[in-house]
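A.B. asks: Prediction below, plus the sequence it came from.
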Amino acid sequence: MKTRLFIVDDHYLVIEGIRSLLQQEDDIEWMGHATNGESCLAFLQNHEPDVILMDISMPGMSGIDLCKMVKIKFPGIRILGLSTFDQKSFVEKMIENGASGYVLKNAGKEELLKAIMAAKSFKSYLSFDAAQALRNPNDKELPVLTRREKEVLELIASGMTNQEIADNLFISSTTVDTHRKNLMLKFEAKNVAAMINLAGKGGFL
């Protein structure tokens, strides 16, 4: 019996890369893809894959929220988190929301197949890096940012000054400065360069 596989990711290169890796596998039936949570849920109204490879960071609904919704509505579907990030909080949240495992996007064909087959057999699978992240007690938890803080962070990272950000978001320069200070505190960063680096690693940029 072939494993019916579906992928949710907002990057076509990732979708095509995984499809080309697995399309020759006799045990895999490629059911297609969705680029966001809404289209994934719409697809699942009429089709039921065995395993979904689910991106964590997507515009709109995150993979973490989508995972929870899919497991509530379609408990028989197994989900594997798919991400470039191996932060402890991402891995933990996906597992808490019902994912069968977590694989990084740089995984090779053998590891992907291993993870998919484990999930189909109702077993869990964590890539080495994801497993290490769960074992590492020194990992900092990712800060929680407001929508406005995320907007300011992205504009800071693009190189804009406080005044340019203020003009862009139709807020005062003083308000931008307050957001900047709050962001530095939340990331526990000593300077803007360090904050941008941490934000990038945390998947905020």
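C.D. replies: Nice, thanks for sending it over. Note that the coordinates shown come from a computational prediction; the quantities given were computed from them, not determined experimentally. Numbering: from 1, shown residues only.

A.B. asks: ok, so what distance separates K105 from L41?
C.D. replies: 22 Å (CB to CB, to the nearest Å). Any C-beta I mention is one placed from the backbone N, CA and C, and that applies to glycine too.

A.B. asks: Please read the previous query as pertaining to F128.
C.D. replies: F128 is 31 Å from L41, by CB to CB.

A.B. asks: For the two, work out which one has more neighbours and name it.
C.D. replies: L41 (17 against 11; other CB atoms under 10 Å).

A.B. asks: ok, that one - contacts?
C.D. replies: 66, 69-70, 73 (CB atoms under 8 Å, 6 or more residues apart in numbering).

A.B. asks: element containing it, please.
C.D. replies: Assigning secondary structure by DSSP states H and E places L41 in helix 37-44.

A.B. asks: can you list the weak-confidence ranges in this protein?
C.D. replies: Applying pLDDT under 70 to the chain picks out residues 136-141.

A.B. asks: Show me the contact partners of the lengthiest helix in the chain.
C.D. replies: Ranked by residue count and defined by DSSP state H, the top helix of the chain is helix 173-187. For helix 173-187, the surrounding residues in contact (CB under 8 Å, 6+ apart) are 143-145, 148-149, 152-153, 156, 162-163, 165-166, 169, 190, 192, 194-195, 198-199.

A.B. asks: Can you give me the buried ones in the helix holding L41?
C.D. replies: 37, 40-41, 43-44 (16 or more other CB atoms under 10 Å).

A.B. asks: Can you name the secondary structure element that comes next after it?
C.D. replies: Heading C-terminal from helix 37-44 (DSSP H and E), you reach strand 51-55.

A.B. asks: send the alpha carbons of that next one over as CSV?
C.D. replies: Coordinates of the C-alpha atoms in strand 51-55 are reproduced here as CSV (Å, rounded to 0.1, in the frame of the first residue of the first chain):
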residue,chain,number,x,y,z
VAL,A,51,1.3,12.0,5.8
ILE,A,52,1.6,15.7,5.5
LEU,A,53,5.0,17.5,5.4
MET,A,54,4.1,20.8,7.0
ASP,A,55,6.2,24.0,6.9
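
A.B. asks: Okay, buried residues for the next helix or strand after it please.
C.D. replies: Counting by DSSP H and E, the element after strand 51-55 in chain order, helix or strand, is helix 63-73. By neighbour count on 16+ other CB under 10 Å, the buried set for helix 63-73 is 63-64, 66-71.
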